[in-house]
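S.K.: A predicted structure for the sequence below; I have some questions about it.
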Amino acid sequence: MRLVRMALAGVLVCGALVGLGGSSSSPSMDQRVEALLATMTRAEKLTLMHGGKACGYVGCVDGIPRLGIPPLHLQDGPAGVGGSLTGVTQLPAPVAAAASWDPALMTAYGKVLGAEEWAKGANVVLAPTINIVRDPRWGRAFESLGEDPYLAGRSAAAEIAGIQSQGPIAQVKHYAVYNQETRRNTPGSDARIDERTMREIYLPAFEDTINAGVGSVMCGYNPVNGTFPCENSELQEKILHDEFGFDGFITSDWDATHSTEASALGGLDMEMPGAKYFGKPLTESTINVDESARRILTSMFRQGLFDNPPTGTLDTRVTSTANAAIARQIAEQGSVLLKNTGNLLPLDAARAGSIAVIGNGGETSVLSQGGGSARVDPEYVVSPYQGIKERAPSTTYQPGTVRADGAFPPVFSTFRTNFFSGTNLSVASGSRSDEVLDGSWRGGDPGTGRKSQWSARSTTTITPATTGTYRFSLSNTDGARLLVGDKTVIDTGWAEHKARTTTGSITLTAGKPVPVTVEYAQFTGNAVLTLGWLQPGQDLHNDAVRAAAAADLAVVVVGRFGTEGADLPDINLPEAQNRLVHDVAAANPNTVVVVNSGSAVTMPWAGSVRAIIESWFPGQEYGHALANLLYGNVNFSAKLPVTFPASLADAPAADPARFPGGNYSEGLSVGYRWYDTQAIQPLFEFGFGLSYTTFTYTALAVSPPSPDGSVQINYTITNTGTRPGAEISQVYVQQPPAAGEPIRNLRGFTKVQLSPGQSQRVTTTLAARSFQHWQNGTWARTPGAYTISVGASSRDLRLMGQVIA
Ligand code: BGC
């Protein structure tokens, strides 16, 4: 604190030196930046421009104590505080938040994220991810805000307001055309894209975040038309700074800097996480770095990082019941009801009868989040089974299938290992004894010769209930072994950081206790290790179908994981899960399917189940949110932020030359724009989602364009059903044919909460850009008639009007 005061004093003095003296008012932000800049050496400016000493956060920039410049602590990420920090809230995946179409809720999401990061001592939050979901196979689709630029832009702007209101700078990512993991950060992921598509589909959400005052931008991995984005002066200098008016700094994604001179001259201000290009090589160059230092300081001053530094540390517990309640609310507002034949839902607590929860996602392998840098370590996750059982204590559970990677249901719980904090193997239940081996069983990779740095052993005793063959599975990274008695049942071998599941079996005798020992060794980092088993005669599929037949209602939880670093090969759920849904539905006519996925999946059983819910990756409060929705304590209102095609072949980038080939030849036809233009019926269209009540749309009025080119429209929404509910009405604009646009573009939306019988007049202003397209290097308007459609989805259009613009 003393240092900060001294620095401020220094800045004020410098202010006077550069001609600010004589005034009693405090210097402006620009004056403070310039004054400070004038006192900095070149070496000090360079210090701000690259990763510094390890500080425990994902990214670290050294502070400059002489000038009171605080260090920067950059931390992931979009779904809660990442980087394996504990005591944090696992929010629903950003795609779930986007499905709420609710800017106020996005701000609440950002506030939780910003407040928790700040309280952990982070002053730059690596979020939100706003890249357009061009293809449902993108591994990071869950982390982003859907397929439409308008929805993504408005959602992101609201989230950034929330993040930055709590102290930290938000760093929006990943600029600019980053839509696949395959071959990322190499020339093989080059996006070959035309200017118009880039301007109309991939850049607008970034422009919205600049207009929302985001303090910083992360340039991404994938080249755009042959140039890596972090050295792309067209994208960074010309478009982001000159055109969009961004005056903050650009940080490279981790290892996305590929050059010194080209990057420094192309607009990159900060290399992360190291200093390979912006350390010594930049120091030794003659490149002027003033502008980069200026941009970094500008964002820091504007966000108040000098005057009001964060006080928390990495160890501060930052989660709270209030934040968990917001996580639950977002999961409720983000879960989409896709089918509800004969109003099976909501359940009547008094009459619902017995419930069977089925599927490994229902309890043993809950898909509450996606993977990669967006991963968050919560204190708990409420499973669907747990949430439903709290309402209906007689609810039963059957996993139904092995986990997608072949893991059997867990023996008792999950072993958590944490190399960084040096904690032991631990399990939440079951008696055990643990021992940190500190390298005594080091193992190592015979290929690389690298030795693991940490090892541990955990032993427990099990008493078999029956005599017969017990099958075990061990899911781990690096190397692990399972010993039952004195027999090695599984030896996974060595593969650094590679997640995998290995199985083995052994015959055991009923009633005879036997020690079960897991040994684990790890190169670096931390990981989760799971020990699963199948007992003699256990048949997961048949046991589940029997449980479904015996219950009044079956809730099958299915899903598919998604993660940074890998795209999905297809959009199908694992075959065993589809077979499970099919057989459960045949055994029980009252089957509800709940899907956890980061984006669209196919649903070959959609016609044979009564209800379908898409819950995305819904965060730590999953089970409570689901129960509130199933029982109608909360009404569904979310709508799909991505199209669900009937099959992958129908998708816009299905052609391998497009995805992952990098040819963006589908052009503007991204998401619903493609399905509309090609007249392909999707399984569920963009913007679709049901409610427990019904709404009518009436009385559209379209005003003539204002002098600034915007158009105001009004319409009335009425709740015609019997329950309170919120309706998200969507406004699409169709341009005159000469504009060469997709059939419809989303240009507005409003969410209104209505009691039964209540009406509300909605007023929306469609910005001038709604009536323009990119042509010859500028935004152009085609003279003619524009059709304005208002509806409950991109295909359920209820009102139409026209404006001559
Ligand atoms: C991801 C970024 C993330 C960074 C730091 C990169 O691999 O692409 O989104 O912020 O790692 O964890």
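M.R.: Cool, got the structure. Keep in mind it's a predicted model, so treat the numbers as computed, not measured.

S.K.: Quick check: which ranges of the stretch 501-650 of the chain have low pLDDT?
M.R.: 524-528 (pLDDT under 70).

S.K.: and the residue of it nearest the ligand?
M.R.: Using C-beta to the nearest ligand atom, the single residue of the stretch 501-650 of the chain nearest to the ligand is Glu564, 6.0 Å away. Glycine gets a C-beta too; all of them are placed from N, C-alpha and C.

S.K.: thought that residue was touching Trp254?
M.R.: No: at 10.7 Å, Glu564 does not count as touching Trp254 under the criterion of C-beta atoms under 8 Å.

S.K.: Can you give me the neighbour number for the residue of the stretch 501-650 of the chain closest to the ligand?
M.R.: Residues within reach of Glu564, counting by other C-beta atoms under 10 Å, total 19.

S.K.: cool, Pro70 as well?
M.R.: Neighbour count for Pro70, taken as other C-beta under 10 Å: 18.

S.K.: same deal with the one 4 residues further on?
M.R.: Counted with other C-beta under 10 Å, residues neighbouring Leu74 total 29.

S.K.: What residues of stretch 769-780 count as buried?
M.R.: Neighbour-count burial for stretch 769-780, counted by 16 or more other C-beta atoms under 10 Å, picks out 769-774.

S.K.: now what about the helix or strand hosting Leu626, what contacts it?
M.R.: Per DSSP states H and E, Leu626 falls inside helix 622-630. Residues outside helix 622-630 that contact it (C-beta atoms under 8 Å, 6 or more residues apart in numbering): 328-329, 331-332, 335, 337, 345-347, 366, 368, 381-388, 390-391, 555, 592, 594, 613, 615, 618, 633-636.

S.K.: Keep only those of those that are in helices.
M.R.: Counting by DSSP state H, the part of the contacts of helix 622-630 found in helices is 328-329, 331-332, 384-388, 390-391.

S.K.: so which of these comes closest to the ligand?
M.R.: For the ones in helices among the contacts of helix 622-630, the minimum distance to the ligand (C-beta to the nearest ligand atom) is 22.6 Å, reached by Ala331.

S.K.: correct me, but Phe749 touches Ala726?
M.R.: No: in this structure Phe749 lies outside contact range of Ala726 using C-beta under 8 Å: 11.9 Å.

S.K.: Nearest to the ligand: which residue in the stretch 251-400 of the chain?
M.R.: Closest residue of the stretch 251-400 of the chain to the ligand, C-beta to the nearest ligand atom: Ser373 (3.5 Å).

S.K.: ok, the closest residue to that residue other than its chain neighbours - contacts?
M.R.: Spatially, and ignoring its direct neighbours in sequence, Ser373 is nearest to Asp76 (4.5 Å; C-beta to C-beta, 6 or more residues apart in numbering). Contacts here follow C-beta under 8 Å, 6+ apart; on that basis Asp76 touches 58, 82-83, 126-127, 373-374.

S.K.: In the residues you listed, which has the lowest confidence score?
M.R.: Taken together, those show their lowest pLDDT at Gly83, with 92.

S.K.: now the stretch 1-150 of the chain, which segments are flagged as low pLDDT?
M.R.: Using pLDDT under 70, the stretch 1-150 of the chain drops low at 1-25.

S.K.: May I ask you to confirm that Arg66 belongs to a helix?
M.R.: Yes: assessed by DSSP: H, G, I helix; E, B strand; the rest coil, Arg66 belongs to a helix.

S.K.: ok, it - how many residues close by?
M.R.: By other C-beta under 10 Å, the burial measure for Arg66, its neighbour count, is 14.

S.K.: One more: the one 5 residues further on?
M.R.: Counted by other C-beta under 10 Å, the residues lying close to Pro71 total 20.

S.K.: correct me, but it touches Cys55?
M.R.: Yes: using C-beta under 8 Å, Pro71 is in contact with Cys55, at 6.6 Å.

S.K.: and the gap between the nearest residue to Val595 once chain neighbours are set aside and Asp796?
M.R.: Leaving aside its chain neighbours, Val595 sits nearest to Glu614 (5.0 Å; criterion: C-beta to C-beta, 6+ apart). Distance, Glu614 to Asp796, by C-beta to C-beta, to the nearest Å: 17 Å.

S.K.: between these two, who's got more neighbours?
M.R.: Glu614 (29 against 13).

S.K.: So the more buried one is in contact with Lys339, correct?
M.R.: No: judged on C-beta under 8 Å, Glu614 makes no contact with Lys339 at a distance of 10.2 Å.

S.K.: In strands, which of the contacts of Asp76 fall?
M.R.: The strands, defined by DSSP state E, take in Leu126 from the contacts of Asp76.

S.K.: any chance of the contacts of Asp76 in JSON lines, plus neighbour count?
M.R.: Shown next, in JSON lines, are the contacts of Asp76 (neighbours: other C-beta atoms under 10 Å):
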{"residue": "Val58", "neighbour count": "22"}
{"residue": "Gly82", "neighbour count": "24"}
{"residue": "Gly83", "neighbour count": "22"}
{"residue": "Leu126", "neighbour count": "30"}
{"residue": "Ala127", "neighbour count": "32"}
{"residue": "Ser373", "neighbour count": "23"}
{"residue": "Ala374", "neighbour count": "28"}
